[in-house]
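> Quick one, what's the 3D model for this:
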Amino acid sequence: MRIVELILDEQDEMAGVDAVSLVEYPAIEENFVALKEQITLAEVDKEKHILMGAALVPQKPIYRKNGDEEFYIFFSKETIEKVSQLFLKNSKHKNATMEHEYQLTDMTIVESWIVEDEVHDKSRKFGMEVPVGTWMVSMKVEDDSVWNDYVKTGKVKGFSIEGYFADRYQMSEEDRLINEIKSIIINNQ
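So this is what the prediction gives:
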């Protein structure tokens, strides 16, 4: 099956992540954690309405189907780091959607970082075992209906990015071997 590396075309003004979507089935197969704030003053227990999760995981094969064509895409650590920086630089932190279908308001990325250590990263504190190079985000959900109807009920379980990328074709191991054999045959004739 064909494997395509998605890269950031830095010459294209539209390139990069435009929004982060709340989804039931994240393609990167990483769910978020809903964070709660427990305030002991006056025995108040209020929810912060903050979600934390992976936005992009390096080298993670993500299955895609376009018509009859099936293939995988992935992002390198270098691309993920550039994308995460460009996202904030271009003030896209308030762009959120539900299931890639409609725009959400009152949603803000309030924290963004790249995992740099397998042991001492904030993601580990919340039980997330993501690899170094993963782009993590925390999103503040100020829309009570989204929080109550989707987050608390488990209808959404993770993040999915929306964006524009260039692609760099990567051959499958089978395709690479076939081309290598063809090259040997042609060179030996």
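> Could you use CA atoms for every contact and neighbour count after this?
OK.
> Would you mind measuring the gap between the ends of stretch 155-166?
For stretch 155-166, the first-to-last residue distance is 31 Å (Cα to Cα, to the nearest Å).
> Likewise for stretch 127-135?
16 Å.
> Could you point out which residue ranges in this protein have low pLDDT?
For the chain, residues meeting the criterion pLDDT under 70 lie at 28-47, 169-189.
> what about 90?
1-16, 23-50, 61-67, 69-73, 118, 122-129, 151-154, 156-158, 164-189 (pLDDT under 90).
> Please enumerate the strands of it.
2-7, 16-23, 33-35, 50-56, 62-66, 69-74, 96-98, 102-104, 107-114, 135-141, 158-164, 166-170 (DSSP state E).
> can I get the ones you listed in TSV with mean neighbour count?
As requested, those are exported to TSV (neighbours: other Cα atoms under 10 Å):
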stretch	mean neighbour count
strand 2-7	19
strand 16-23	24
strand 33-35	18
strand 50-56	25
strand 62-66	12
strand 69-74	16
strand 96-98	22
strand 102-104	13
strand 107-114	18
strand 135-141	22
strand 158-164	22
strand 166-170	14
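> Mind putting those strands into a markdown table with distance to V83?
Supplementary listing: the strands of the chain in a markdown table, determined by distance: least, Cα to Cα, whole Å:
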| stretch | distance to V83 |
| --- | --- |
| strand 2-7 | 9 |
| strand 16-23 | 6 |
| strand 33-35 | 22 |
| strand 50-56 | 10 |
| strand 62-66 | 17 |
| strand 69-74 | 13 |
| strand 96-98 | 16 |
| strand 102-104 | 21 |
| strand 107-114 | 11 |
| strand 135-141 | 9 |
| strand 158-164 | 10 |
| strand 166-170 | 12 |
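> So which of those is nearest K82?
strand 16-23 (8.6 Å; Cα to Cα).
> and that closest one, how far out from the chain's middle?
Offset of strand 16-23 from its chain centre (Cα atoms, centre = their mean, to the nearest Å): 8 Å.
> now swap in stretch 6-23 and tell me
Worked out by Cα atoms, centre = their mean, stretch 6-23 lies 11 Å from the chain centre.
> Show me the contact partners of it.
Residues from elsewhere that reach stretch 6-23, judged by Cα atoms under 8 Å, 6 or more residues apart in numbering: 55, 73-76, 79, 82-84, 86-87, 92-100, 155-168.
> neighbours around the closest residue to D149 other than its chain neighbours, how many?
Distance criterion Cα to Cα, 6 or more residues apart in numbering; nearest residue to D149, sequence neighbours excluded, is K155 at 7.7 Å. By other Cα atoms under 10 Å, the residues close to K155 number 14.
> can you tell me the distance between the two ends of stretch 103-110?
First residue to last in stretch 103-110 (Cα to Cα) measures 18 Å.
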